[in-house]
Each structure stands twice: as structure tokens, then as C-alpha cells.
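Student: Take this sequence and fold it.
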Amino acid sequence: MKLLYITQGFGFPENAGGTRKYDLATSFVKRGVDVTVITSYSGKPCDPKWKEYEREGIKFHELNCPYSNYMGFKERMKAFISFMQNSKKKALSLDCDVVLATSTPLSIGYPALVMHRRRKKPYVFEIRDVWPGVPIAMGYFKNKLLQKILYGFEMRIYKKAAALVPLSTGMDENIKRRYPNDKSVVIPNISEVNRFAEIKKEIDITVPEGKKVLLYAGTFGNVNGVGYIIDMAAHTIKYNPDVWYYLVGKGKEKEDNIKQAERLGVLNKNVFIFDPVRKNDLPYLYSISTVGSSFVIDIPALWDNSANKFFDTLAAHRPMVINHEGWQADAIRKHNCGYVLPPKVSDEAAKAFVDYMTNDELLKVQGENAFKLGKEQFSLEVAVDKYMDIFDKIVK
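Tutor: Next up is the predicted model:
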């Protein structure tokens, strides 16, 4: 079976960021699938337009198309359109039996649609965020006509797909309310239990004895709500200065978050901000922390997210802390594997959270429950089995 995997970004374990695509692609190769990836890289203007190479049995075609969280909205749109147009041409030049296109953005579905129309190739559309619903909810697309066009494009991608793979039950329910179907299979992000079993101290970050640490390892972006953590730190320091917050990553909001921590008088007191680390360094970082976390700004459309941080925390035997409702909050309560903070910070919420962070017996039980949940429901093996079943049915 020949698989063409189309994604705007592809991360390796030695990089910062998620490795879902790497883990899936390498696992597909081990199952006998011939995998070709079309993705992008951020090169200098003098670099080649396309880089082609092979790694771990995967053939890569990388377009020189810079993209980062630091870009403004218009710059991002230009990058999305550039990749959409160029990946379509590249896809048409390649042979495959089935296409796997993974959003975001929604424009990733365009080359898959073209392959279906011109080359009669079936495609699977993986939905990492429900576009255009999320950017519309955040106020990025205010023109009603444009919204109608985008929703129409979304429906066309869904209808022509041989299978849909939303990354959460919340996304699946969102889609089915607007497009009832029986071809969607929920395959959440992956709890990398094998990778997190290998703990190596290769970074200079430690935790003093007696401190309880909430770890946030991710993007400092518009939707991530890192400011919430800093606000919570300013409240909890009054009740217990030994509850600390380690914020690790990069993003366009990071400097503002640093200034916020300085202004509130908590920077380097109970809030410590670090540069991003490699994926391979995360197991150590979680091992020295008390809990892991994932936050979003107070917009219900974001509750359906399937953040890597959630699954990394489970794999690391750590309780999960979030500040929103949705499927993750339901899982935390059902499996007793973490803590759901209210969407707004208050003294009452801070006091309750300090009590939680110092309840060693509860934290130990929740850590074990978290690992069990990650291993049984969100392991790489479970995800690959589901995908192989989809591919086999489509190709046959």
C-alpha cells in the first residue's frame, strides 16, 4: 500500500513540539506501508524550493514555506495558501493508493480533493481543530459571505472524504451536528508511553526540595491562555509560595507573558519561564513536576481541542490540570486523573488549587490513573491499529 501523507508541518523527536505525525508515519512503515510525506520547512530565500530526502523509510518532499506562531494572521494566511497551491502540484506528480491529509489549516484538504477528482484517489481527512469554526469564534473571519464560503468548503471536504478522523469526541459531535455521517473514526492524539519511559537528564532544569510544580510545556499563543497560569500564580503565592509554575516553550505571546509575570511580582518567585526543549527532553521535565497542564482562553469552541500536553501528561504518570470543560474535563472526572480549574481565576479557586497541589496521596492515585488511561485508550498501538483498519477498508 502506498500512502501519501500531506501536512503543513512535521516534527521529529529531536525538535520541540508534537510528534504524532512522526510516530504514525514510522509505525505505518513498520506495518509495510510505503509512506511519502509532503510538508514544509522554513528556509532562507536562497534555499531550494523543494527538499527531497528519505529518513527511517519515509520519503519526504518539503516545500520552502516559512510558518511560525510568531506570524500575524495575514502572514499565516499567505503561508497556508502557498502550501495549498504547491502541495497540490507536488501531489499530482506522485503515485499513491490513498491520501491522508491532516489539518490545520482547512486548506490542507484542497490537494486531497484535487487528487480525488483528477486521479480518483481516496482520501482520509484528519481533523485536528474544527475549521473554520474555531477561527470564526475567535473573530478572525468576520465577513458573513466569507464565513459561508469557508463552511461550504469544509462540507465539501467532509463529503468527498472516504473517512474522517476527528481527534476528539467533541470534534466528532461538532461535525455530526452539521454533517451527519457514519464514516468518522475518533483517533485522539497519542500518549507516548514508550518514549516517556526513557528519562534522561540532559537539560539544566531542576526542582528544589519541597516545591510542588505545575508544568506547562507548549506554545505561548493567542489561544493557549498562558496568562491564566500567571494570574493563578499571583493568587496562590499568597496562600502557599511553594506551589510553583514552570512554563516551557515559545510563541508570539511569550514576551507579554513575561511582562505580566514581572508586573504581578511573581517572575522567578513562583513562576519560571524557560525556552522550548526537545520532545526527547519532555520525559525528564515531567518526571520532576507534580502535575502537567493544558489551558485555553475562555471560548467554548476551544474545548474540543486534543492538545499533545494532555496526552504527554498521561504518559508521564502525572495528573492533568486544565481550565475548561469538554471531553477532557469529562475524562479527568470519570477516571480521577487530574483537576479542572474554573475558567476565571479567583481567591477561592486559588485556595482550592493549593489544597489540591499539596494532597500527596490524591496526586499519587491520580498519576497512576492517568497512566492507565493513556496506555489503554491513547497508546500509539491503538491509534495505528485504527488507522490501518481504515486504510485496509478503503484500499480493498
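Student: Could you list the alpha-carbon positions for the least confident helix or strand in the chain by mean pLDDT in PDB?
Tutor: With mean pLDDT, DSSP states H and E as the measure, the helix or strand of the chain carrying the lowest mean pLDDT is helix 133-137 (a mean of 86). Listed in PDB are the C-alpha atoms of helix 133-137, where the atom choice follows Å, rounded to 0.1, in the frame of the first residue of the first chain:
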ATOM      1  CA  GLY A 133     -15.400  27.200  13.400                       C
ATOM      2  CA  VAL A 134     -12.500  28.000  15.700                       C
ATOM      3  CA  PRO A 135     -11.100  31.000  13.900                       C
ATOM      4  CA  ILE A 136     -14.600  32.400  13.300                       C
ATOM      5  CA  ALA A 137     -15.300  32.000  17.100                       C
END
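Student: Offset the numbering so it begins at 729, please.
Tutor: Sounds good: first residue 729 from here, last item helix 861-865.
Student: helices and strands around it, which ones?
Tutor: Where contact means 3 or more C-beta pairs under 8 Å, 6 or more residues apart in numbering; DSSP states H and E, helix 861-865 is not packed against any helix or strand. (Glycine included, C-beta is placed from N, CA and C.)
Student: packing partners for whichever helix or strand residue 975 is part of?
Tutor: Residue 975 is part of strand 971-976 when elements are defined by DSSP states H and E. Secondary-structure packing of strand 971-976 (3+ C-beta pairs under 8 Å, 6+ apart): strand 940-945, helix 954-964, strand 999-1002, helix 1075-1085.
Student: try it again with 7 Å
Tutor: Helices and strands touching strand 971-976, as assessed by 3 or more C-beta pairs under 7 Å, 6 or more residues apart in numbering; DSSP states H and E, comprise strand 940-945, helix 954-964, strand 999-1002.
Student: So what touches the last one?
Tutor: Looking back up the chat, that one is strand 999-1002. Taking C-beta atoms under 7 Å, 6 or more residues apart in numbering as the criterion, the residues outside strand 999-1002 that touch it are 933, 958, 961, 972-976, 986, 989.
Student: State the mean pLDDT of that strand.
Tutor: Mean pLDDT, computed over strand 999-1002, is 98.
Student: just how off-centre is it within its chain?
Tutor: Distance of strand 999-1002 from its chain centroid, counting by C-alpha atoms, centre = their mean, to the nearest Å, is 21 Å.
Student: Just the pLDDT at residue 1065, thanks.
Tutor: The score at residue 1065 is 98. That number is its pLDDT.
Student: What about it, how many residues nearby?
Tutor: Residue 1065 has 23 neighbouring residues, counting by other C-beta atoms under 10 Å.
Student: Farthest pair within the contacts of strand 999-1002?
Tutor: Within the contacts of strand 999-1002, 933 and 958 form the most distant pair, 18.5 Å apart (C-beta to C-beta).
Student: Which stretches in the stretch 729-878 of the chain count as helices?
Tutor: Counting by DSSP state H, counting those that start in this stretch, one finds helices in the stretch 729-878 of the chain at the ranges 748-758, 801-820, 837-847, 861-865, 872-888.
Student: buried set for stretch 883-891?
Tutor: Taking 16 or more other C-beta atoms under 10 Å as the neighbour-count basis, stretch 883-891 is seen to contain the buried residues 885-886, 889-891.
Student: Let me know the closest of the residues you listed to residue 917.
Tutor: Here the nearest of the buried residues of stretch 883-891 to residue 917, counting by C-beta to C-beta, is residue 891; it sits at 17.9 Å.
Student: what residues are up against the closest residue in space to residue 899 that isn't next to it in sequence?
Tutor: The spatial neighbour of residue 899 that comes closest, neighbours along the chain excluded (C-beta to C-beta, 6 or more residues apart in numbering), is residue 1032 at 4.7 Å. Remark: with contacts taken as C-beta under 7 Å, 6+ apart, residue 1032 is in contact with 858, 896, 898-899, 902, 1054-1055.
Student: related to what we said a few turns ago, with residue 788 as the reference, name the closest of the helices and strands packed on strand 971-976.
Tutor: strand 940-945 (26.3 Å).
Student: Now do the strands in this protein.
Tutor: 730-734, 762-769, 778-783, 786-792, 826-830, 851-855, 891-894, 940-945, 971-976, 999-1002, 1019-1022, 1048-1050, 1066-1068 (DSSP state E).
Student: Fine by me, we can end here.
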